[in-house]
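Enquirer: Return a 3D structure for these sequence lines:
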Amino acid sequence: QVQLVESGGGLVQAGGSLRLSCAASGRTFSSAVMGWFRQAPGKEREFVAAINWSAGSTYYADSVKGRFTISRDNAKNTVYLQMNSLKPEDTAVYSCAAAKNLIPLLRLVADSWGQGTQVTVSS
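Expert: Residues are numbered from 1 along each chain as shown. Prediction:
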């Protein structure tokens, strides 16, 4: 089992930036892919971005392409989500997740989930 802990959320004005971190511990070698997801009030959880631990390949939802960047530090077992040009519609609880493969992760099926961190973007 992989344990995931997110940090870095907060309140920011529209157009601002935040960087989220997701620290992984435990059986991290069993997870090939890490992803970020978000859930706004009254809405379903949605995929934001994913990254392959070894190759570094990245994947993004259309709504965040060009604004968000996912990256990883293998030595620290940490995945980051740099969020720029934030919009009020980006307001949500952001969670990271770990999975063995990308396809299940894109379908919101993961082996482990973090507890989430709140991101609020004011207009």
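
Enquirer: wouldn't Thr91 be in contact with Lys43 here?
Expert: No - with contact defined as Cβ atoms under 8 Å, Thr91 does not reach Lys43; the gap is 10.5 Å. (C-beta placed from N, C-alpha, C; glycine too.)

Enquirer: which one of these two has more residues nearby?
Expert: Neighbour count, other Cβ atoms under 10 Å: between Thr91 and Lys43, Thr91 has more, with 19 against 9.

Enquirer: Which pLDDT value belongs to that one?
Expert: We have a pLDDT of 98 for Thr91.

Enquirer: and it, what does it touch?
Expert: Residues near Thr91 by Cβ atoms under 8 Å, 6 or more residues apart in numbering: Ala40, Val119, Thr120, Val121.

Enquirer: where does the chain dip in pLDDT?
Expert: Counting by pLDDT under 70, the chain shows low-confidence ranges at 29-30.

Enquirer: Just give the closest residue to the spatially most central residue of the chain, not the sequence neighbours.
Expert: By Cα atoms, centre = their mean, the chain has its centre lying nearest to Trp36, at 2.0 Å. Using Cβ to Cβ, 6 or more residues apart in numbering and skipping the chain neighbours, the partner closest in space to Trp36 is Val48 (4.3 Å).

Enquirer: which residues touch that neighbour?
Expert: Here Val48 is in contact with Gly35, Trp36, Phe37, Arg38, Tyr60, Ala61, Val64, Phe68, Leu81, Tyr94 (Cβ under 8 Å, 6+ apart).

Enquirer: Any idea what the third one is bridged to?
Expert: I take that to be Phe37. For Phe37, the beta-bridge partners are Phe47, Ser95 (DSSP bridges).
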